[in-house]
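# Starting from these lines, generate the structure:
(one chain, ligands or ions: 1)
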Amino acid sequence: MNGLLERYEPHAGSEEISLLRQMAKPLEGKTLVHVNSTRVGGGVAEILQRLVPLQQELGIRSSWEVIEGDEGFFQATKTFHNTLQGMPSPFTESMREAYEDANRRNAERLRDLLEGADYVFIHDPQPAMLHSLCPNRRGKWIWRCHIDVSNPVPGVWRYVRHWVKGYDASIFSLPDFAQPLPHTQYLIPPCIDPISEKNLPLEEREIGRLLAPFDLDPDLPLILQVSRFDRFKDPIGVIRACERAALTDPLQLVLAGGSADDDPEGALVLEEVRAAARDLPFVKLLVLPPDAHRTINALQRAATVVFQKSLREGFGLTVAEALWKERPVIGGDVGGIRLQVLDGRTGYRVRTPEGAALRLLDLLHHPEERNAMGAAGREHVREHFLMTRLLRNHLALLLSLEA
Ligand code: UDP
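Got it, this is the predicted structure:
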């Protein structure tokens with residue numbers, strides 16, 4: 001016991017912590033391997049960074065492997081990401097080959113570890129084929145889908161489903177994403193980590209120090225969206241919304257993002273966003289390094305209103321992060337944002353830049369409404385979207401699978 005779990009007590013309560021310890025008892029000594037496609041950038045890496053040490057502290061021999069691939073592989077998996085979230089785009093024979101070759105190479109490297117593990121969690125489609133490439137599997141294999149697959153391009157879903165259907169279980173974030181599959185499907189939304197650099201409390205002085213390099217105007221409302229530069233995050237829609245609101249109300253918009261190792265489209269989308277912002281002096285683009293957690297924390301705390309105007313969203317950790325900091329969120333009316341942005345209570349859900357502009361003006365004109373939504377948002381996250389809840393859901397799942 002190294003006391004990591006106890007640090008969650010102020011947020012989750014001591015009963016929850018002792019429940020976690022009790023639930024984990026039968027799992028002590030079991031081996032569990034997570035496999036995903038990047039160690040930094042994006043929500044999955046963010047969660048695994050903490051979930052793995054917490055599982056270790058509970059006596060589970062949990063580890064985390066990252067699948068390796070070349071550019072062709074990540075082009076192929078980005079096409080999965082886009083098409084499974086409903087954006088038509090060709091999935092070519094050479095992409096199929098790049099995907100299968102990379103999985104074969106990774107299987108060579110990881111086979112012994114994976115075949116010997118009691119539990120294997122494969123995150124998203126990138127490493128999904130590993131299951132078929134490890135024929136002497138001993139344990140239970142779980143496919144954890146983090147993306148919004150409510151309306152996938154059918155041919156691509158059929159291809160991914162082929163690799164996924166043999167798993168023992170799958171996990172989706174929302175009922176809307178569940179798919180016809182011949183195994184049990186669990187619904188587990190992701191969560192944020194209240195004790196991470198991204199979310200721990202910051203003093204005003206430190207916020208000022210962290211944001212000093214960005215030349216923000218302390219007298220103007222700060223509107224913020226933090227996201228990878230990805231079209232599904234609709235950064236240009238956010239610019240359009242703020243452009244409209246800025247006609248009557250002076251404001252500054254910060255679009256903060258970085259790249260993820262498994263996202264080859266980021267640079268292209270960043271250029272599109274730069275072009276859209278070219279003649280708009282109130283827009284600031286911040287390209288941040290992957291470890292800029294404190295800076296993002298400070299930006300979220302300094303924001304007046306936070307946007308997550310996604311067009312598709314598996315969950316949207318950035319929403320929970322902002323709500324936890326008592327900021328109202330204007331979010332796209334899609335996927336996991338619907339679980340977090342309770343319309344009119346923790347923020348507003350919007351479909352168009354025009355709608356977003358109206359909601360933004362409403363919030364800018366009503367500070368008391370912003371405060372009430374912020375307080376409700378924090379409670380909503382405390383109740384539903386903290387790391388301890390995710391840990392509990394995972395323990396229940398492991399116990400129910402009995403490896
Ligand atoms: N994030 C970050 N730096 C960036 C952009 C995003 O650290 O430049 C973090 C963000 O704070 C959040 C995660 O990456 O914790 C993104 O998760 P989310 O579920 O919002 O989106 P995803 O990237 O997984 O689609």
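
# near the ligand, which residues of the stretch 51-200 of the chain?
Selection of the stretch 51-200 of the chain residues close to the ligand by C-beta under 6 Å from any ligand atom yields Lys198. C-betas here are computed from N, CA, C, even on glycine.

# Tell me how many other residues surround the closest residue to the ligand within the stretch 101-250 of the chain.
Relative to the ligand, the nearest point of the stretch 101-250 of the chain is Arg228 (4.7 Å; C-beta to the nearest ligand atom). Arg228 has 20 neighbours, counted by other C-beta atoms under 10 Å.

# Likewise for Leu339?
Neighbour count of Leu339, defined by other C-beta under 10 Å: 18.

# continuing past the helix or strand containing it, what's the next helix or strand?
Leu339 belongs to helix 337-340 when assigned by DSSP states H and E. Toward the C-terminal end, the helix or strand that comes next after helix 337-340 (DSSP H and E) is strand 347-350.

# Touching that next one from outside, list them.
241, 309, 323, 328-333, 337-338, 341, 343, 356, 359, 362-363, 373, 377 (C-beta atoms under 8 Å, 6 or more residues apart in numbering).

# Restricted to strands, list those residues.
Val329, Ile330, Gly331, Gly332 (DSSP state E).

# Who wins on neighbours among those?
Within the ones in strands among the contacts of strand 347-350, most neighbours by other C-beta under 10 Å means Gly331, with 32 neighbours.

# How much space separates that one from Val305?
11 Å (C-beta to C-beta, to the nearest Å).

# now do Gly336
Distance from Gly336 to Val305, by C-beta to C-beta: 19 Å.

# Show me what the helix holding Leu339 is packed up against.
helix 317-324, strand 329-332, helix 367-384 (3 or more C-beta pairs under 8 Å, 6 or more residues apart in numbering; DSSP states H and E).

# centroid residue for the chain?
The chain has Gly43 as the residue nearest its centroid, 2.9 Å off, counting by C-alpha atoms, centre = their mean.

# you'd agree Ile207 is up against Ala298?
Yes - Ile207 lies in contact with Ala298 (C-beta atoms under 8 Å); the separation is 4.4 Å.

# So for these two, which sits in the more crowded spot?
Between Ile207 and Ala298, counting by other C-beta under 10 Å, Ala298 is the more crowded of the two (22 against 18).

# Against which helices or strands is the helix or strand containing Trp141 packed?
Using DSSP H and E, Trp141 sits within strand 140-144. Using 3+ C-beta pairs under 8 Å, 6+ apart, the elements in contact with strand 140-144 are strand 119-123, strand 169-172, helix 387-401.

# Tabulate these (a markdown table), appending mean neighbour count.
Output for the helices and strands packed on strand 140-144, formatted as a markdown table (neighbours: other C-beta atoms under 10 Å):
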| stretch | mean neighbour count |
| --- | --- |
| strand 119-123 | 26 |
| strand 169-172 | 21 |
| helix 387-401 | 19 |
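
# want to throw the ones you listed into CSV with distance to Leu251?
Formatted as CSV, the helices and strands packed on strand 140-144 follow (distance: least, C-beta to C-beta, whole Å):
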stretch, distance to Leu251
strand 119-123, 37
strand 169-172, 37
helix 387-401, 33
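
# of the ones you listed, which approaches Pro88 most closely?
Set against Pro88 and scored by C-beta to C-beta, these come closest in strand 169-172, at 22.1 Å.

# immediately after the closest one, which helix or strand?
Along the chain past strand 169-172, the next helix or strand (assigned with DSSP H and E) turns out to be strand 184-187.

# Taking the stretch 151-300 of the chain, what residue is nearest to the ligand?
As assessed by C-beta to the nearest ligand atom, the ligand sits closest to Gly258 within the stretch 151-300 of the chain, at 3.2 Å.

# wait, that residue sits on Ala292?
Yes - Gly258 lies in contact with Ala292 (C-beta under 8 Å); the separation is 7.0 Å.

# give me every residue that touches the nearest residue to the residue nearest to the centre of the chain once chain neighbours are set aside.
Once flanking residues are discounted, Gly43 sits nearest to Leu317: 4.4 Å by C-beta to C-beta, 6 or more residues apart in numbering. Listed by C-beta under 8 Å, 6+ apart, the contact set of Leu317 reads Gly43, Glu46, Ile47, Pro190, Ile192.

# Can you get me a residue count around the residue nearest to the residue of the stretch 151-300 of the chain closest to the ligand when sequence neighbours are not counted?
Here the nearest residue to Gly258 in space, its sequence neighbours aside, is Leu288; by C-beta to C-beta, 6+ apart that works out to 4.7 Å. Neighbourhood size, Leu288 [other C-beta under 10 Å]: 15.

# gap between Arg96 and Val153?
The spacing between Arg96 and Val153, counted by C-beta to C-beta, is 14 Å.

# Which one of those two is surrounded by more residues?
Each of Arg96 and Val153 has its neighbours counted (other C-beta under 10 Å); Val153 has more, 20 against 12.

# can you pull the contacts of that one?
So Val153 contacts Thr83, Leu84, Gly86, Met87, Pro88, Ser89, Phe91 (C-beta under 8 Å, 6+ apart).

# On the pLDDT front, check the fourth one for me.
Going back to what we said before, that points to Met87. Here the pLDDT value assigned to Met87 is 93.

# How about the residues of the stretch 251-400 of the chain by the ligand?
Ala256, Gly257, Gly258, Leu288, Ile296, Phe315, Gly316, Leu317, Thr318, Glu321.

# Take those residues and write them to a markdown table, including pLDDT and distance to Val33.
Formatted as a markdown table, those follow (pLDDT from 0 to 100; distance: C-beta to C-beta, whole Å):
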| residue | pLDDT | distance to Val33 |
| --- | --- | --- |
| Ala256 | 98 | 33 |
| Gly257 | 95 | 30 |
| Gly258 | 85 | 27 |
| Leu288 | 94 | 30 |
| Ile296 | 98 | 29 |
| Phe315 | 95 | 23 |
| Gly316 | 95 | 27 |
| Leu317 | 96 | 23 |
| Thr318 | 98 | 28 |
| Glu321 | 98 | 27 |
